[in-house]
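Undergrad: Sequence first, then the predicted structure, then my questions.
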Amino acid sequence: MIPVKTIGLNAVLFIFFYSYSPPLGNRRPGVVLPYLKISFSAPIMTEYGEFWPRLPETITQNAHEGEPMKQKICLSALLVLGLCLSACSAAFQPTVAPALSPLPTYFPKIDAHPQSTNFGRGMLSTMPTYDPNSDQYWQVDLRSYNLSGLDLSNSLNDLMYADFDTATEWPAAGKMPASFDWQRILDLGKDPGLGIRALHQQGITGKGIGIAIIDQPLLVNHQEYAGQLRLYEETDDARNQSSSMHGPAVASIAVGKTVGVAPAADLYFIANYMCFTGSMDSVDFSCLAKSVYRIIEINKLLPADRKIRVLSMSIGWDSSQKGYAEIVAAVQAARDAGIFVVSSSLEQTYGFKFQALGREPLADPNQFDSYEPGLFWAKDFYAGDRFTDRLLVPMDSRTTAGPGGNDQYVFYREGGWSWSIPYLAGMYALAAQVKPDITPDEFWTQAMKTGQTIRLKYNGETIPFGPILDPPALIAALQAK
């Protein structure tokens with residue numbers, strides 16, 4: 001790409017040469033074009049250090065005899081022009097982000113390496129079917145199954161609601177629907193969508209921003225996030241466990257190299273089962289609160305330009321649950337420490353409302369009109385339960401890191417808020433990169449303001465649907481402040 005100031009310089013020189021070079025035959029182009037060629041071929045402005053001293057000689061050689069005054073004017077003006085352009089060239093220099101402070105030698109701190117999870121599945125004898133009237137999850141769960149003995153040529157509708165992974169073995173092409181392309185579905189699901197990858201191409205990747213996650217055990221060496229993982233710790237109840245399916249998924253949605261919203265952010269992960277001992281009655285949110293306080297302590301060790309700015313916890317709580325007071329106090333402590341805590345209780349803790357988006361598996365995730373209500377709440381929406389005060393964030397039809405190997409991926413046709421929460425955390429990391437003094441209130445206000453509203457068609461009705469998070473518009477609004 002030609003630097004802006006190179007183009008500007010050539011434009012000025014062209015006008016100057018055209019005005020002052022002698023009007024004889026094609027002398028004018030003879031003076032202009034050689035320098036246009038030199039300057040346009042120069043990839044960086046520093047090459048103009050050799051360019052300016054050659055100008056007087058060339059112009060002298062091409063000057064018209066009998067016009068000494070014009071020549072002197074020309075040379076003088078060129079020298080002034082050169083000095084002016086040299087003096088102001090700094091204004092055109094690209095902004096270079098300062099180098100990040102190194103992390104303390106304490107990091108990376110990886111306390112455990114949970115084993116990959118083998119689902120132990122073999123041949124599938126019957127293809128599951130999808131019932132749109134059922135609220136059951138995993139209706140068409142094909143993860144790690146061998147389907148090679150099945151004829152699925154008439155199972156397109158069921159396959160379009162299937163969960164599968166890169167360990168799923170498919171039938172031969174002649175026994176598959178022609179329009180079902182599992183590889184394309186998998187690849188589309190990796191894209192975080194909504195223009196996120198366009199932001200990455202601009203260098204907006206979350207670099208220098210810390211994201212903390214408290215979730216279930218993690219496959220720490222997965223290729224999606226191993227390079228971003230700065231800390232992995234486990235609470236007592238999570239030790240000696242194999243990788244969950246949940247931990248790798250949320251980590252990759254937040255910071256994954258190909259899946260994630262903020263692929264260059266630093267990841268600090270604590271595995272925590274909240275003192276679970278076999279029954280839901282044993283769940284104690286005070287155990288989760290201890291991990292929140294641990295994140296706050298870890299943050300104190302980090303340099304000012306590498307702080308944890310957001311904590312993702314794909315869980316919620318209410319006053320009837322054990323440890324409620326403790327988790328509420330811990331979240332407030334994190335807020336006081338400058339950490340935005342994103343959880344299923346976001347409305348309770350911040351007053352922020354969100355809901356999660358659905359998408360057909362082959363629809364383009366970067367087109368806003370590809371989105372619709374998420375599968376788990378679509379029926380309520382179309383029955384009349386609608387709103388305009390919730391930020392809508394991707395959820396369904398996502399591909400994430402899988403628990404079965406360091407290069408395994410899983411496509412989840414139906415998600416939950418668990419997938420939207422790390423997405424929001426990643427988005428906040430991008431916002432914090434471009435506006436380091438961002439606050440949760442400013443982030444949410446601008447996200448709602450810049451979000452897009454689309455129109456859905458349903459039973460002859462046109463229904464407004466939004467605001468859908470618009471990452472490029474949000475980032476542009478924050479950069480303009």
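TA: Ah, there it is.

Undergrad: averaged over its residues, what pLDDT does stretch 251-259 have?
TA: Along stretch 251-259, the predicted confidence averages to a pLDDT of 98.

Undergrad: what bridges to R398?
TA: On DSSP bridges, the residues paired with R398 through beta bridges are Y412.

Undergrad: burial of V255, as a residue count?
TA: Applying other C-beta atoms under 10 Å, we find 31 residues neighbouring V255. The C-beta positions use only the backbone N, C-alpha and C, and glycine is treated the same way.

Undergrad: which residues touch it?
TA: G206, I211, E224, Y225, Q228, V261, A262, P263, A264, A265, L267, G426 (C-beta atoms under 8 Å, 6 or more residues apart in numbering).

Undergrad: Which of the residues you listed fall within helices?
TA: The helices, defined by DSSP state H, take in G426 from the contacts of V255.

Undergrad: Include neighbour count and distance to T462 when you put the contacts of V255 into CSV, please.
TA: Supplementary listing: the contacts of V255 in CSV, determined by neighbours: other C-beta atoms under 10 Å; distance: C-beta to C-beta, whole Å:
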residue, neighbour count, distance to T462
G206, 31, 37
I211, 30, 38
E224, 27, 39
Y225, 27, 41
Q228, 24, 43
V261, 31, 31
A262, 34, 35
P263, 25, 37
A264, 20, 41
A265, 30, 39
L267, 28, 42
G426, 29, 32
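
Undergrad: in the stretch 351-481 of the chain, which spans are helices?
TA: Shown for the stretch 351-481 of the chain, the helices assigned by DSSP state H, counting those that start in this stretch span residues 378-382, 417-434, 440-450, 471-479.

Undergrad: How about the shortest one, which residues are buried there?
TA: So that's helix 378-382. For helix 378-382, the buried set under the neighbour-count rule, 16 or more other C-beta atoms under 10 Å, comprises F381, Y382.

Undergrad: how close does the nearest residue to G195 once chain neighbours are set aside get to A447?
TA: Closest residue to G195 apart from its sequence neighbours, by C-beta to C-beta, 6 or more residues apart in numbering: P472 at 4.4 Å. Spatial separation of P472 from A447 under the definition C-beta to C-beta, to the nearest Å is 12 Å.

Undergrad: where do the strands sit along the protein?
TA: Secondary structure of the chain (DSSP state E): strands at 109-110, 164-165, 210-215, 229-234, 266-271, 308-313, 340-343, 354-359, 371-373, 391-394, 398-401, 409-412, 452-458, 461-468.

Undergrad: Need the residues that contact the fifth one.
TA: The contact list for strand 266-271 (C-beta under 8 Å, 6+ apart) reads 103, 112, 114, 208-218, 225, 228-235, 238, 241, 247, 251, 254-255, 291, 294-295, 298, 306, 308.

Undergrad: Quick one, which of these are buried?
TA: If you count burial by 16+ other C-beta under 10 Å, the buried members of the contacts of strand 266-271 come out as 103, 114, 208-218, 225, 228-235, 238, 241, 247, 251, 254-255, 291, 294-295, 298, 306, 308.
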